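> Got a predicted model here, sequence first, then my questions.
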Amino acid sequence: MFQRIDISKSGFTLVEILLSTGIGLLLILFVLKTFLDYQQMALKQRDTARIQATFQRILMMMKSELIQAGYGLDSYQEGIQITDEGIQIQKDGNLDGDLGDSREDIVYRFFPDDQKLSRKSGQGYFQILLEPIYFVFFQAHPLDFESHKSIPCVRIRFQLQELDAIQEATLCPLNP
């Protein structure tokens with residue numbers, strides 16, 4: 001009537017359960033770390049792409065303002081000043097022939113201490129266009145443009161982030 005059941009042959013031992021749980025947790029942790037690393041890399045790439053797109057828009061805005069100032073046209077009257085940290089575009093917006101009117105100036109300037117690229121129009125305040133940016137360096141090209149009696153190109157060397165390659169953009173007059 002009664003049958004004897006051998007309990008020692010059914011189920012798992014406590015050691016087997018702990019071992020399989022430990023292995024399962026290690027696999028979950030590995031997958032989670034891989035996922036988080038991938039997500040962090042994707043966020044960094046998105047931020048880099050955003051900074052590059054913003055800088056390209058700034059270059060287009062600068063080019064547009066140079067064209068509006070007559071840069072490279074026959075009517076252009078040497079209304080550009082280039083320093084290492086900035087560019088000042090003197091344009092005759094009201095067509096009164098006065099390039100010395102500071103209310104019509106547009107200034108792009110890089111502030112290396114704050115790592116900010118800013119723009120000022122007229123006698124207003126600098127407005128931040130892009131931050132943080134590793135460095136921006138403005139330069140007239142060729143450097144000896146005055147001896148050539150030519151209008152210089154505006155060469156902009158920049159590095160958006162510390163580990164990025166140094167890039168360069170050159171804005172030249174419309175008519176050589």
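Structure's in. What do you need?

> For H141, give the beta-bridge partners.
In this entry, H141 is beta-bridged to C153, by DSSP bridges.

> For it, give me the pLDDT.
In this model, H141 is scored at 77, pLDDT.

> Spit out the contact partners of it.
Each residue near H141 by Cβ atoms under 8 Å, 6 or more residues apart in numbering is listed here: P152, C153, V154, R155, T170. (C-beta placed from N, C-alpha, C; glycine too.)

> Narrow the residues you listed to those that are buried.
Among those, those classed as buried by 16 or more other Cβ atoms under 10 Å are P152, C153, V154, R155.

> The nearest residue to the third one once chain neighbours are set aside: what's it in contact with?
Distance criterion Cβ to Cβ, 6 or more residues apart in numbering; nearest residue to V154, sequence neighbours excluded, is L171 at 4.5 Å. Applying Cβ under 8 Å, 6+ apart, we find L171 in contact with L59, M62, K63, L66, C153, V154, I156.

> And the pLDDT for the residue nearest to L160 when sequence neighbours are not counted?
Leaving aside its sequence neighbours, L160 sits nearest to I51 (Cβ to Cβ, 6+ apart; 5.1 Å). Looking at I51, its pLDDT is 85.

> gap between I51 and E131?
Using Cβ to Cβ, to the nearest Å, I51 is found at 9 Å from E131.

> Kindly report the same for K91.
Relative to E131, K91 is positioned 26 Å away (Cβ to Cβ).

> out of these two, which sits in the more crowded spot?
Just comparing K91 and E131: by other Cβ atoms under 10 Å the higher neighbour count belongs to K91, 22 against 13.

> excluding its backbone neighbours, what's nearest the more buried one?
Excluding its sequence neighbours, the residue lying closest to K91 (Cβ to Cβ, 6+ apart) is A69, at 3.5 Å.

> Backbone dihedrals for the one you found, please?
phi -80, psi 0 (degrees, to the nearest 10).

> where exactly do the strands run in this protein?
80-82, 86-90, 105-111, 116-121, 127-130, 135-141, 153-159, 167-171 (DSSP state E).

> Pull up the pairing partners for the second one, direction included.
Taking DSSP bridges as the criterion, strand 86-90 forms sheet pairs with strand 80-82 (antiparallel), strand 105-111 (antiparallel).

> Determine which residue lies closest to the centroid of the chain.
Nearest to the geometric centre of the chain sits I51, at 3.2 Å (Cα atoms, centre = their mean).

> how much space between that one and Q45?
11 Å.

> what do you get for K120?
32 Å.

> When these two are compared, which one has more neighbours?
K120 (16 against 10).

> Tell me what the more buried one is bridged to.
Going by DSSP bridges, K120 is paired in beta bridges with V107.
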